[in-house]
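Trainee: Turn this into a structure:
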Amino acid sequence: MRTTVSAAALAAVLSTGAGFATAAETINLTAVSGYAPTASWVKIFEEYFIPQVDKALAEKGDYVINWNKGFSGTVVKPRGELDAVSSGVADLAIVVPAFHVDKLPLHAVSFVTPFATGDLHLVTRAMAKIAEEVPEFTQEWSDLGVHYIGPAGSVDNYEAVCKTNKPNPKDFDGVKIAGAGTNLLYFKGVGGVGVNSNLGDFYNAMQTGIAECSSVWAEAAAGFKLYEVAPYFIKADMGAVTSFAIAANETYWETLPEPVKEAIEEATAGYGTALADYVVAAADASLETYKANGGTIVQYTQEQRQEMAAGMPNIAQEWAEAADKAGKPGSKILTMYMDMLRANDQEIAREWDKE
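Mentor: Residues are numbered from 1 along each chain as shown. As a prediction, this is how the structure comes out:
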């Protein structure tokens, strides 16, 4: 009789897990981007970042994340990600710092140094090092109630797509160019007129005549079918930038258990690499897609690129001096960044920090 009871009790314990293991704690997390998964940074977030976090947590078994994916404008529109994560509307966001140069000026260093490198992996590593070694960089985020986790980039090379051909840099004189923030200054030396917009609106801007051209990169140009309204792809190779950052609401971040934080941090580091891998691999195929849909690729020579760079005001020095006056280490970050490019033997068209 005692044997039968003991066996029954043991079976009950095993069936419920009592005394042996506890159920994993569920963490609710709302992650947002105003863009749809057709955008590479959202696509890779869904296909790499989320599974990577889930895998790391599953290996330990203590926590599981219940993901609320606020993409495609369901929670915020493009440009609204920073405010959402700052206010707590979102727990985690793919932020576009280029839209917020007034609040995050130090993040703009890769944007103010065009024609310096097309190596997106290098740019991402350089920004991660700056974030690690310069506390003022992450403090900008903290001042907004946001915890900065890490950089990522989807722009391997800024180019231009236009409704009519621009075989020479001087052909941009007086032309309206849609773009996001600082990168519009790349056309200033050749007379281009910047129109602030975002990738999701470029198609309509050119279709309706608000702009003649858009400042964009190959993967996005093909992905958003810009060849339908702008059949000329002007390959001026203006350079790579870290256009995104993974960031969390600071109050929310502080409540997370350490293993969850570690899983998110590790996934963020891998996300930057995975996104760069995807964009670089997609670039050549995207140009073929452009041509297959009636587009024309106009390749600028190195001399034409130097013409564009030389005609620009030194926006890097202007940026660094403005940051210095505001009590931020602009010149320090500019030199650090350019030194990292030089250490990796990049073909720099203009030594922005040495003029």
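Trainee: Could you use CA atoms for every contact and neighbour count after this?
Mentor: Will do.
Trainee: How many residues are close by residue 302?
Mentor: 12 (other CA atoms under 10 Å).
Trainee: roughly how far apart are it and residue 349?
Mentor: Between residue 302 and residue 349 the computed distance is 9 Å (CA to CA, to the nearest Å).
Trainee: Helix or strand next in line after the lowest-mean-pLDDT helix or strand in the chain, which one?
Mentor: Here the helix or strand of the chain ranked lowest by mean pLDDT, DSSP states H and E is helix 2-16, holding a mean of 44. In the C-terminal direction, the helix or strand that comes right after helix 2-16 (DSSP states H and E) is strand 25-32.
Trainee: where along the protein do the strands fall?
Mentor: 25-32, 63-70, 92-95, 146-152, 159-162, 176-179, 193-196, 213-216, 232-235, 244-249, 296-299 (DSSP state E).
Trainee: If you average the pLDDT over the fifth one, what comes out?
Mentor: Just to be clear, that refers to strand 159-162. Averaging pLDDT along strand 159-162 gives 98.
Trainee: Tell me the gap between that strand and the middle of its chain.
Mentor: Distance, stretch centre to chain centre, for strand 159-162: 19 Å (CA atoms, centre = their mean, to the nearest Å).
Trainee: How are the helices of the stretch 101-250 of the chain distributed by residue range?
Mentor: Along the stretch 101-250 of the chain, counting by DSSP state H, counting those that start in this stretch, helices occupy 120-133, 135-142, 199-207, 218-223, 250-255.
Trainee: Could you dump those into a markdown table and include mean pLDDT, mean neighbour count and distance to residue 231?
Mentor: As requested, the helices of the stretch 101-250 of the chain are arranged in a markdown table below (pLDDT from 0 to 100; neighbours: other CA atoms under 10 Å; distance: least, CA to CA, whole Å):
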| stretch | mean pLDDT | mean neighbour count | distance to residue 231 |
| --- | --- | --- | --- |
| helix 120-133 | 96 | 20 | 25 |
| helix 135-142 | 98 | 18 | 39 |
| helix 199-207 | 95 | 19 | 11 |
| helix 218-223 | 92 | 23 | 10 |
| helix 250-255 | 98 | 15 | 44 |
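Trainee: For residue 56, which of these is the nearest?
Mentor: helix 250-255 (17.6 Å; CA to CA).
Trainee: In space, what's closest to residue 140 - neighbours in sequence excluded?
Mentor: Nearest residue to residue 140, sequence neighbours excluded (CA to CA, 6 or more residues apart in numbering): residue 104, at 6.0 Å.
Trainee: Distance-wise, check the one you found relative to residue 308.
Mentor: The value you get for residue 104 to residue 308, if CA to CA is used, is 27 Å.
Trainee: who has more neighbours, the two?
Mentor: A count of neighbours by other CA under 10 Å puts residue 308 above the other of residue 104 and residue 308, at 23 against 18.
Trainee: just checking, the more buried one touches residue 187?
Mentor: Yes - counting by CA atoms under 8 Å, residue 308 does reach residue 187; the two are 7.2 Å apart.
Trainee: I figured residue 198 hits residue 179, correct?
Mentor: Yes - contact criterion CA under 8 Å: residue 198 and residue 179 qualify, at 6.2 Å.
Trainee: Which one's more surrounded, these two?
Mentor: Each of residue 198 and residue 179 has its neighbours counted (other CA under 10 Å); residue 179 has more, 23 against 19.
Trainee: contacting residues for the closest residue to residue 75 other than its chain neighbours?
Mentor: Excluding its sequence neighbours, the residue lying closest to residue 75 (CA to CA, 6+ apart) is residue 32, at 6.9 Å. By CA atoms under 8 Å, 6 or more residues apart in numbering, residue 32 lies in contact with 69, 70, 71, 75, 76, 81, 90, 92, 93, 94.
Trainee: List the beta-bridge partners for residue 32.
Mentor: On the basis of DSSP bridges, residue 32 is bridged to residue 70, residue 93.
Trainee: Now do the contacts for the residue nearest to residue 140.
Mentor: Residue 104 neighbours (CA under 8 Å, 6+ apart): 97, 140, 141.
Trainee: what's the pLDDT at it?
Mentor: Listed pLDDT for residue 104 reads 96.
Trainee: quick one: it from residue 230, how far?
Mentor: Distance from residue 104 to residue 230, by CA to CA: 32 Å.
Trainee: What of residue 144?
Mentor: 38 Å.
Trainee: Please apply the same query to residue 47.
Mentor: To residue 230, residue 47 is 30 Å away according to CA to CA.
Trainee: More neighbours: which of the two?
Mentor: For residue 47 versus residue 230, neighbours defined as other CA under 10 Å are more numerous around residue 230 (25 against 14).
Trainee: Leaving out chain neighbours, which residue sits closest to the more buried one?
Mentor: Distances taken as CA to CA, 6+ apart put residue 163 closest to residue 230, at 4.1 Å, once the chain neighbours are dropped.
Trainee: That neighbour: neighbour count?
Mentor: So residue 163, with other CA under 10 Å, has 20 neighbours.
Trainee: does it really touch residue 213, like I thought?
Mentor: Yes - with contact defined as CA under 8 Å, residue 163 and residue 213 form a contacting pair (6.4 Å).
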